[in-house]
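Colleague: Kindly return the folded structure for what I paste below:
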Amino acid sequence: MAVNVISKSSAFSTGSDLWILPNYGQSRWTPTVDWYLNFQIYKFHNKVDVQISEHLKNILKATEFKYKTDFKETPPGICLLGSSHLLPNRWVGILDFESDDFSKWMASSYKISKNLNFPSLRLFLPPGRSASELSLSSYPDFHKSDITVVLDS
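Modeller: Next comes the predicted model:
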């Protein structure tokens with residue numbers, strides 16, 4: 001599987017269904033993509049879970065009103081947004097790139113791609129990383145995706 005490196009000027013062009021980027025502060029591309037997404041990435045990472053006050057809990061208990069308390073939490077460090085109405089792709093995935101653990105970031109990229117049935121993929125690599133560092137042989141099904149890479153340098 002050949003990995004194509006595209007230029008900065010082509011970074012926002014059509015050609016890939018899924019774009020994966022590092023989180024805020026970990027890539028210069030993320031704030032720009034977030035601007036096009038109406039700051040959905042920023043909002044996602046700064047959301048506060050709704051807490052039911054004790055007063056409301058007492059009222060609900062007194063009225064025997066049933067309410068849901070077991071909300072599924074989003075896995076930490078992963079944000080997947082539908083973006084077909086705002087960008088020339090279908091999805092944008094934002095992954096934490098912690099402590100220079102590039103293999104973990106790639107494993108998360110693979111997992112998202114696999115869960116979406118291996119769409120064409122554009123990886124916006126974390127700073128200081130190059131296309132030669134992609135070890136796609138560790139991920140046997142990545143050959144099902146057309147992969148393009150945008151460097152952060």
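Colleague: ok, and what's touching the helix or strand where residue 56 lies?
Modeller: Element membership for residue 56 (DSSP states H and E) is helix 54-62. Contact with helix 54-62 is made by 52, 65, 67, as judged by Cβ atoms under 8 Å, 6 or more residues apart in numbering. In this view, the C-beta of every residue, glycine as well, is placed from N, C-alpha and C.
Colleague: What helices and strands are in contact with the helix or strand of the chain with the lowest mean pLDDT?
Modeller: Within the chain, confidence by mean pLDDT, DSSP states H and E is lowest for helix 40-45 among all helices and strands, at a mean of 86. Where contact means 3 or more Cβ pairs under 8 Å, 6 or more residues apart in numbering; DSSP states H and E, helix 40-45 is packed against helix 29-36, strand 78-82, strand 91-95.
Colleague: The first one: which residues count as buried?
Modeller: Same thing as helix 29-36. Within helix 29-36, the residues that qualify as buried are 29-30, 33-34, counting by 16 or more other Cβ atoms under 10 Å.
Colleague: With stretch 131-143 instead?
Modeller: 134, 136, 139, 142.
Colleague: can I have that stretch written out in CSV, keeping just the CAs?
Modeller: What follows is stretch 131-143, C-alpha atoms only, in CSV (Å, rounded to 0.1, in the frame of the first residue of the first chain):
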residue,chain,number,x,y,z
ALA,A,131,5.4,9.5,6.3
SER,A,132,8.4,7.1,6.6
GLU,A,133,7.4,6.5,10.2
LEU,A,134,4.1,5.0,9.3
SER,A,135,4.5,1.2,9.9
LEU,A,136,1.3,0.1,8.1
SER,A,137,2.5,-3.5,8.1
SER,A,138,1.4,-3.6,11.8
TYR,A,139,-2.2,-3.0,10.6
PRO,A,140,-3.1,-5.7,8.1
ASP,A,141,-6.3,-4.2,6.8
PHE,A,142,-5.0,-0.7,6.2
HIS,A,143,-4.3,-1.7,2.6
